[in-house]
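J.: Show me how the following folds:
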Amino acid sequence: METKKLHYLIASISYIVIIIHFILSHYTTEECKSGILFFSLSTIIYVGFVYLFFKSDLGKFIVVGGLIFIAIISIFLIFTTV
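T.: The predicted model follows:
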């Protein structure tokens with residue numbers, strides 16, 4: 001199996017499992033909506049990065065830049081949200 005197809009398969013299976021988890025668990029409606037929205041956006045970003053990475057060398061550069069940007073924002077939020 002190609003690496004690209006494996007990544008798409010992992011994204012598809014994890015998305016379905018997480019949506020079922022939020023629907024069948026004892027979350028409030030607001031928590032359920034929030035969780036599904038967050039995971040949907042995360043999955044879209046992940047699939048977009050996989051697509052760009054395998055598209056071209058420019059795509060690889062964009063993915064690396066996007067991951068560095070996400071890392072910097074995450075580190076910034078660690079120190080500012082306590």
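
J.: elements contacting the lengthiest helix in the chain?
T.: Ranked by number of residues, the top helix in the chain under DSSP state H is helix 29-55. Applying 3 or more CB pairs under 8 Å, 6 or more residues apart in numbering; DSSP states H and E, we find helix 29-55 packed against helix 3-24, helix 57-80. For every residue, glycine as well, the C-beta is placed using N, CA and C.

J.: now those helices in TSV, with distance to residue 44 and mean pLDDT?
T.: Putting the helices and strands packed on helix 29-55 into TSV (distance: least, CB to CB, whole Å; pLDDT from 0 to 100) gives the following:
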stretch	distance to residue 44	mean pLDDT
helix 3-24	9	94
helix 57-80	13	95
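
J.: Buried deepest among those helices, which one?
T.: helix 3-24 (a mean of 13; mean count of other CB atoms under 10 Å).
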